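Engineer: structure here, sequence nowhere to be found:
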């Protein structure tokens with residue numbers, strides 16, 4: 001029985017070894033290796049992170065392209081540059097999950113260069129000449145060098161703030177970590193810094209500090225916001241902050257401080273309102289409305305808003321304002337007619353020009369363009385009465 005079993009197993013094992021050897025020779029990898037290594041690109045990126053080296057994927061979609069890439073990778077002229085990369089000639093299926101935006105829908109042969117974290121630096125479709133590849137590699141190395149300098153600075157500053165945390169000065173550590181994250185949040189140490197910040201925020205020292213200072217901090221923050229609203233003319237928000245502080249903290253220094261801001265706001269409102277109203281009293285209607293509109297925009301939402309809107313409506317209902325607007329429209333129409341008349345005059349179409357000038361005199365008698373129209377009519381009559389020039393004798 002055993003001999004029969006051996007007679008069956010030995011040929012099968014020999015056939016498997018033979019198949020494996022042939023597959024490795026022709027495919028360059030073990031059969032079923034795709035099932036063993038699910039994300040080869042991810043493994044290379046992990047290696048790049050460990051070694052702090054950029055990546056160069058020479059991606060192929062055919063055996064012909066694979067051969068071409070292998071020749072380039074082994075080229076002596078590019079050797080010095082490629083030695084500074086983690087380099088791999090790979091079929092497109094190995095990296096399409098890592099870079100779906102380039103390889104999922106329309107996979108193609110290309111050179112994909114990434115930084116040490118697998119983030120794309122450049123993507124060159126097709127097989128380029130050696131010179132173009134060298135330029136791409138050189139640019140990537142320059143970029144990587146800058147990243148490494150930034151990483152070195154981030155590392156140095158991280159351990160500075162960490163030393164403060166390790167000395168249990170948690171309140172100071174939180175301040176320094178926040179400053180660190182403002183500059184280096186996207187570096188390799190950003191996540192560690194965030195974890196330190198979270199850890200420091202849960203310590204009894206920090207929790208007690210927050211409890212003792214929460215109310216005062218909130219009040220000071222409101223005062224700061226009030227000052228900012230006053231500076232940037234956000235008077236609506238200022239009014240509400242002042243009301244909130246006076247309701248919750250009446251009689252405090254902070255309440256008195258914001259009250260002064262409100263009084264200054266009121267003073268500005270009265271002065272600007274008076275300036276706009278003086279323009280209206282002088283019958284400068286457009287300037288007055290413009291001044292009131294500007295004032296309403298600044299005080300929008302405050303108790304001034306409705307008052308200013310009412311004043312604008314009062315001006316617009318003023319009969320003198322309506323007469324002024326009618327005159328303004330008439331002058332605009334007269335100006336357009338004069339323009340057409342001058343065009344006709346300049347082209348010596350005197351009959352048409354004369355009609356236009358007469359229409360200005362007849363229909364826009366109060367317009368400032370009437371005198372110009374009369375002068376042009378005199379010019380037309382003078383030109384018509386001039387004797388015609390006699391032709392020169394030959």
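Structural biologist: Received it, and whenever you're ready, just let me know what you need. Everything numeric here is computed off the predicted structure, so don't read it as measured data.
Engineer: can you classify residue 58 as helix, strand or coil?
Structural biologist: Look at residue 58: counting by DSSP: H, G, I helix; E, B strand; the rest coil, its state is strand.
Engineer: tell me the mean pLDDT over the host helix or strand of residue 208?
Structural biologist: For residue 208, the enclosing helix or strand under DSSP states H and E is helix 204-231. Model confidence over helix 204-231, given as mean pLDDT, is 78.
Engineer: now for that helix, which elements pack on it?
Structural biologist: Using 3 or more C-beta pairs under 8 Å, 6 or more residues apart in numbering; DSSP states H and E as the contact criterion, the neighbours of helix 204-231 among helices and strands are helix 170-184, helix 235-248, helix 253-281. In this view, the C-beta of every residue, glycine as well, is placed from N, C-alpha and C.
Engineer: now the angle from the last one to helix 204-231?
Structural biologist: This points to helix 253-281. Angle between the axes of helix 253-281 and helix 204-231 is 20 degrees (criterion: axes from the mean of the first three to the mean of the last three C-alpha atoms, to 10 degrees).
Engineer: list the buried residues for the following helix or strand past helix 253-281?
Structural biologist: Toward the C-terminal end, the helix or strand that comes next after helix 253-281 (DSSP H and E) is helix 285-298. For helix 285-298, the neighbour count (16 or more other C-beta atoms under 10 Å) marks 285, 288-289, 291-292, 295-296, 298 as buried.
Engineer: same check, this time on stretch 331-339
Structural biologist: When burial is assessed from 16+ other C-beta under 10 Å, stretch 331-339 yields the following buried residues: 334, 337-338.
Engineer: tabulate those residues (JSON lines), appending secondary structure.
Structural biologist: Shown next, in JSON lines, are the buried residues of stretch 331-339 (three-state DSSP):
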{"residue": "334", "secondary structure": "helix"}
{"residue": "337", "secondary structure": "helix"}
{"residue": "338", "secondary structure": "helix"}
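Engineer: now distance to residue 372 too, for those, in CSV please.
Structural biologist: Supplementary listing: the buried residues of stretch 331-339 in CSV, determined by distance: C-beta to C-beta, whole Å:
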residue, distance to residue 372
334, 10
337, 11
338, 6
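Engineer: of those, closest to residue 311?
Structural biologist: Checking those against residue 311 by C-beta to C-beta gives residue 334 as the nearest, at 31.5 Å.
Engineer: what sits against that closest one?
Structural biologist: The neighbourhood of residue 334, defined by C-beta atoms under 8 Å, 6 or more residues apart in numbering, consists of 360, 364, 367, 369-370.
Engineer: ok, now residue 373?
Structural biologist: 338, 341, 356-358, 360-361.
Engineer: helix or strand: which one has residue 360?
Structural biologist: Following DSSP H and E, one finds residue 360 within helix 350-363.
Engineer: tilt between the very next helix or strand once past that helix and helix 350-363?
Structural biologist: Next helix or strand after helix 350-363 toward the C-terminus (DSSP H and E): helix 370-385. In terms of direction (the same axes, to 10 degrees), helix 370-385 departs from helix 350-363 by 150 degrees.
Engineer: now helix 370-385, how far from the centre of its chain.
Structural biologist: Once both centres are worked out by C-alpha atoms, centre = their mean, to the nearest Å, helix 370-385 turns out to sit 60 Å from its chain's centre.
Engineer: ok, so of the contacts of residue 334, who is nearest residue 280?
Structural biologist: Within those, distances to residue 280 taken as C-beta to C-beta reach their minimum at residue 367, with 24.7 Å.
Engineer: what about that closest one, neighbour count?
Structural biologist: By the measure other C-beta atoms under 10 Å, the count of residues near residue 367 is 21.
Engineer: and what of residue 251?
Structural biologist: Neighbour count for residue 251, taken as other C-beta under 10 Å: 8.
Engineer: now the helix holding residue 360: buried residues?
Structural biologist: If you call a residue buried by 16+ other C-beta under 10 Å, then helix 350-363 has these buried ones: 350, 353-354, 356-357, 359-361.
Engineer: out of those, flag the one nearest to residue 207.
Structural biologist: So of the buried residues of helix 350-363, ranked by how close each gets to residue 207 (C-beta to C-beta), first place is residue 360, at 83.0 Å.
Engineer: residue contacts, the closest one?
Structural biologist: Taking C-beta under 8 Å, 6+ apart as the definition of contact, the neighbours of residue 360 are 334, 337-338, 341, 367, 369-370, 373.
Engineer: distance of the nearest residue to it once chain neighbours are set aside from residue 117?
Structural biologist: Of all residues beyond its chain neighbours, the one nearest residue 360 is residue 373 (4.3 Å), with distances taken as C-beta to C-beta, 6 or more residues apart in numbering. According to C-beta to C-beta, to the nearest Å, residue 373 stands 78 Å off from residue 117.
Engineer: sec struct for residue 250, please.
Structural biologist: Residue 250 - assigned by three-state DSSP - is coil.
Engineer: from residue 259, how far off is it?
Structural biologist: Between residue 250 and residue 259 the distance, using C-beta to C-beta, works out to 10 Å.
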